[in-house]
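Participant: Sequence plus the predicted model coming up.
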Amino acid sequence: MRRRHAVIVDDERLARRELRTLLEEGHSAEVHIVGEAASVEEAARVIQATDADLVFLDITLGRESGFDLLPRLGDDVDVVFVTAHDHHAVRAFEVNALDYLLKPVVPGRLAISVRRLSGPASVLPSRLLAIDDRLFLRLDDRRRFVRVSEIMAIESDGDSSRLHLGPPPSRARASKPLREWEERLPGRHFVRIHRSTIINLDFVERVDEWSHGSFLVFLREIREPFTMSRRYGARVRDRLG
């Protein structure tokens, strides 16, 4: 595994020092600390100046939020969240985050994060999302926040997926496969209607019979209907009443 260049972002000097010590004493072969920062603006400057590819990011930075730094990071920068909040607060964080650490950071848990540096973010335990959760996703060529409730439909695109978002309606490509979305989206709101399509039931306008036992599902804000195969038809129609 290549050695990662990391910046520690935390408004508490003692917390930065403690995390630096844990990394330097236990993981210097995997992680090289190239800088520290106490604010969003300072962090952006340090990351750019050092060409860091890893950030240990506290969520609460005084009166600022660590989330404000995320849109300013390059696509090649991984994030490990550091938070004093419990697991329930963490579930609203970025689906693509490399990992998260709870304060106070303990050596054993940090070691798990370091091992994950060589693997994909999907090694994180799956957490079922709630309809009002916020995700920080890499969509097309930029990063942005998306509420789960804004996802109208998802279509398979090979190993990736295409998201229909709105309102107003827009489309964007995400790196997550359809299978992973199906495992994590709340089943009360989302349902699979085809081997390549998941829809948000809250946006369903009507369902029309089509041919050979299949159906056309019309969603508000989306002009073209989605095909619902016979395999999923009865179950979905029951859900819709």
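Facilitator: Good, I have the coordinates.

Participant: For the rest of this, base every contact and every neighbour count on C-alpha atoms.
Facilitator: OK.

Participant: domains for the chain, by residue range?
Facilitator: Per automatic domain parsing, the structural domains of the chain span 4-123, 149-240.

Participant: For residue 137, which of the ones you listed is the nearest?
Facilitator: The closest of the domains of the chain to residue 137 is domain 4-123. By C-alpha to C-alpha, the value is 6.5 Å.

Participant: just how off-centre is stretch 171-183 within its chain?
Facilitator: From the chain centre to the centre of stretch 171-183 is a distance of 10 Å (C-alpha atoms, centre = their mean, to the nearest Å).

Participant: now residue 101, nearest residue through space, not along the chain?
Facilitator: Using C-alpha to C-alpha, 6 or more residues apart in numbering and skipping the chain neighbours, the partner closest in space to residue 101 is residue 82 (4.7 Å).

Participant: I should have written residue 156 there, sorry.
Facilitator: The shortest distance from residue 156 to any non-neighbouring residue, by C-alpha to C-alpha, 6+ apart, is to residue 196 (4.9 Å).

Participant: Could you do residue 232 as well?
Facilitator: residue 193 (5.4 Å).

Participant: Next: residue 178.
Facilitator: Nearest non-adjacent residue to residue 178 (C-alpha to C-alpha, 6+ apart): residue 156, at 5.5 Å.

Participant: Identify each buried residue in the lengthiest helix in the chain, please.
Facilitator: Criterion DSSP state H: the longest helix present in the chain is helix 13-26. Residues of helix 13-26 classed as buried by neighbour count (16 or more other C-alpha atoms under 10 Å): 15-16, 19-20, 22-23.

Participant: which among those gets closest to residue 236?
Facilitator: Residue 236 lies nearest to residue 19 out of the buried residues of helix 13-26, by C-alpha to C-alpha, at 49.4 Å.

Participant: In contact with that closest one: list those residues for me.
Facilitator: The neighbours of residue 19, taking C-alpha atoms under 8 Å, 6 or more residues apart in numbering as the test, are 8, 105.

Participant: shouldn't residue 185 be in contact with residue 133?
Facilitator: No - Residue 185 lies out of contact with residue 133 (C-alpha atoms under 8 Å); the separation is 10.2 Å.

Participant: hang on, the earlier thing: worst average pLDDT in the domains of the chain?
Facilitator: For these, mean pLDDT drops lowest on domain 4-123, to a mean of 86.

Participant: thinking again about what came up before, the buried residues of helix 13-26 into JSON lines, with extra columns for distance to residue 5?
Facilitator: As requested, those are exported to JSON lines (distance: C-alpha to C-alpha, whole Å):
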{"residue": "15", "distance to residue 5": "19"}
{"residue": "16", "distance to residue 5": "16"}
{"residue": "19", "distance to residue 5": "14"}
{"residue": "20", "distance to residue 5": "12"}
{"residue": "22", "distance to residue 5": "15"}
{"residue": "23", "distance to residue 5": "12"}
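
Participant: okay, the domains of the chain in TSV with distance to residue 139 next?
Facilitator: Formatted as TSV, the domains of the chain follow (distance: least, C-alpha to C-alpha, whole Å):
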stretch	distance to residue 139
domain 4-123	11
domain 149-240	5
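
Participant: Any idea which of these gets closest to residue 143?
Facilitator: domain 4-123 (5.9 Å).

Participant: List the contacts of the residue located most distally from the centre of the chain.
Facilitator: Most distant residue from the mean C-alpha position of the chain: residue 212, 38.2 Å away (C-alpha atoms, centre = their mean). By C-alpha under 8 Å, 6+ apart, the residues touching residue 212 are residue 230.
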